[in-house]
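Enquirer: just a sequence and a predicted model for now, questions to come.
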Amino acid sequence: MLIFLSSVILLIVGYFTYGVLVEKIFGIDRSRPTPAVEMADGVDYVAMPTWKTFLIQLLDIAGIGPIFGPIMGALYGPEALLWIVIGSIFAGGVHDFFSGMLSVRNSGENLPTIIGRTIGRHMRSIMLVFSLLLLVLVGVVFVLSPAKMLENLTHYNVAYFIAAIFLYYFIATIVPIDKIIGRIYPLFGLLLLFMTFGIFFGMLFGGHAILPDLDFTQTHPQKLPMWPLLFITLSCGAVSGFHSTQSPLMSRCIKNEKYGRLVFYGAMITEGIIALIWAMVGLSLYEPDALQGLIDQGTAALVVNDTAVSLLGKVGGFLAILGVIVLPITSGDTAFRSARLIISEAAHLTQKAIRNRLLIAVPLFIIGFIISQLQFDVIWRYFGWSNQTLAALVLWSAAFYLVKNVKFHWIATIPAVFLTAMVVTYICYAQIGFRLPYQTSVLAGVGTAVIALVSFIGYSRRKRTT
């Protein structure tokens, strides 16, 4: 119990200390008009109350990531708790703050456009490809996972739910942001918090021991290597590139730069607390073999169902499961919306007219539907790697921005180096990658990260002398 509470306290302290440091290094300007004020169009640029932007941001970045990821991460042992705390404060919070505030400073633009001006058109093209790939994969994953859960709950054919969710996504993608997202998503954000803390209090007052036996030795039933698989599996709740595609949505809606730390860094810290609760559930209620068995039977959704019913009873469990179904849906639609906006920026196609929105949305959803016909676990593995690769690229971009503006860049550079080593090791080792021997993959990952760091330091020194 003490370790869990200490982890939560560390996240909160991190928000009020390291978050303030990141904010000061970036240098917010309270007198500067935000895009929501300066560029209001009634569609995507709409000023909203800060409590709404915070809850929508939390819901947009969360999905099922801070639930499924920590449950699967618990298979590797209590090291998952350490990664959530360290990752959220020093990597995820920095990543989310810069992806949001850089967009605020650049007329609400998406990261590929901003990075194109900061680093160059080649990096813009790379970011554009990774952002769109990730957004479509997220959209598809967040169709299939809730559709499958609804099938298990109602026993109706999954195809009906896939069609219904795609139809909802299409509508939510093209209508003004305040008509659906701005009205009901804050309520869903509260549902996410209610569900998660309901699980925690169910543990606390249900006589269950919290983190009774912490074993920091290898615990994964399949003996999978912790590096880099834990850090790919447990992304949302620590650091996730997907967040950088969502932050520009709220960068067009916040009313003042002073709210940036709460909306962007604060939402990441809150997601970290949610991830801690679900990792704690996985570590406290299940032995590794039993947890793996449930995941094999029905993905982490079966663990959520089993946990919710046992802790909250049938009614509470049903509400918790509905919450888990809602979460991916409310991230999937914003994923497609973000993809529409990124394409519109690249094509210089304004989105005020609904005809222009349809021109992008229709082919985008056709591609998404085609990808949805592929095997789910293959889509999920590519999503995991592309997600963390995009996070590394965003952190490198933040480091370049800080160097160009003669500011302390190490807050972005250190996590960028770490993630670079992680994603290169993974793609070299994984079955979806080059399938190299483990030691060779680790050396390739570390070597690539070192080369990237040396090259970046050389660049920063050149900038200081010019």
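Expert: Yep, it's here. In this text the structure is predicted, and so the values were computed from the model without any measurement.

Enquirer: for the rest of this, base every contact and every neighbour count on C-alpha atoms.
Expert: OK.

Enquirer: going along the chain, name the helices of the stretch 151-300 of the chain.
Expert: For the stretch 151-300 of the chain, helices defined by DSSP state H, counting those that start in this stretch occupy the ranges 158-174, 181-205, 226-233, 242-251, 260, 267-285, 288-347.

Enquirer: can you map out the strands along the stretch 1-150 of the chain?
Expert: For the stretch 1-150 of the chain, strands defined by DSSP state E, counting those that start in this stretch do not occur.

Enquirer: so who does Ala320 touch?
Expert: By C-alpha atoms under 8 Å, 6 or more residues apart in numbering, the contact list for Ala320 reads 195, 305, 308.

Enquirer: ok, 7 Å please
Expert: 195, 308 (C-alpha atoms under 7 Å, 6 or more residues apart in numbering).

Enquirer: what about it, distance to Gly313?
Expert: To Gly313, Ala320 is 10 Å away according to C-alpha to C-alpha, to the nearest Å.

Enquirer: just name the most buried of the helices of the stretch 151-300 of the chain.
Expert: The highest average neighbour count among the helices of the stretch 151-300 of the chain, using mean count of other C-alpha atoms under 10 Å, belongs to helix 242-251 at a mean of 28.

Enquirer: from the chain's centre, how far out does that one sit?
Expert: Relative to its chain's centre, helix 242-251 lies at 10 Å (C-alpha atoms, centre = their mean, to the nearest Å).

Enquirer: can you give me the angle it makes with helix 267-285?
Expert: Angle, helix 242-251 to helix 267-285, by axes from the mean of the first three to the mean of the last three C-alpha atoms, to 10 degrees: 140 degrees.

Enquirer: and helix 242-251, what does it pack onto?
Expert: helix 50-62, helix 93-105 (3 or more C-alpha pairs under 7 Å, 6 or more residues apart in numbering; DSSP states H and E).

Enquirer: which of those comes out lowest on mean pLDDT?
Expert: Among the helices and strands packed on helix 242-251, helix 50-62 carries the lowest mean pLDDT, at a mean of 90.

Enquirer: now that helix: buried residues?
Expert: Buried residues in helix 50-62, counted by 16 or more other C-alpha atoms under 10 Å: 50, 52-62.

Enquirer: just flag the most distant two among these.
Expert: Spatial extent of the buried residues of helix 50-62 (C-alpha to C-alpha) is set by the pair Thr50 and Ala62 at 18.1 Å.

Enquirer: so for Asn152, which of the helices and strands packed on helix 242-251 sits nearest?
Expert: Nearest of the helices and strands packed on helix 242-251 (C-alpha to C-alpha): helix 50-62, 22.4 Å.

Enquirer: other SSEs contacting that closest one?
Expert: helix 181-205, helix 242-251, helix 267-285, helix 288-347.

Enquirer: mean confidence score for stretch 267-276?
Expert: For stretch 267-276, mean pLDDT is 95.

Enquirer: list the contacts of it.
Expert: Stretch 267-276 has contacts (C-alpha under 7 Å, 6+ apart) with 8, 11, 15, 54, 57-58, 62, 66-67, 70, 81, 84-85, 88, 92-93, 196, 237-238.

Enquirer: swap in 6 Å and give it another go.
Expert: Residues outside stretch 267-276 that contact it (C-alpha atoms under 6 Å, 6 or more residues apart in numbering): 58, 66, 70, 88, 93, 237.

Enquirer: so what's Ser244 up against?
Expert: Taking C-alpha under 6 Å, 6+ apart as the test, what Ser244 contacts is Ser99.

Enquirer: also Ile162?
Expert: Ile162 sits next to Ala147 when contact means C-alpha under 6 Å, 6+ apart.

Enquirer: now with 8 Å, please.
Expert: So Ile162 contacts 143-144, 147 (C-alpha under 8 Å, 6+ apart).

Enquirer: redo the helices and strands packed on helix 242-251 as a markdown table? Include distance to Asp289.
Expert: Putting the helices and strands packed on helix 242-251 into a markdown table (distance: least, C-alpha to C-alpha, whole Å) gives the following:
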| stretch | distance to Asp289 |
| --- | --- |
| helix 50-62 | 27 |
| helix 93-105 | 33 |
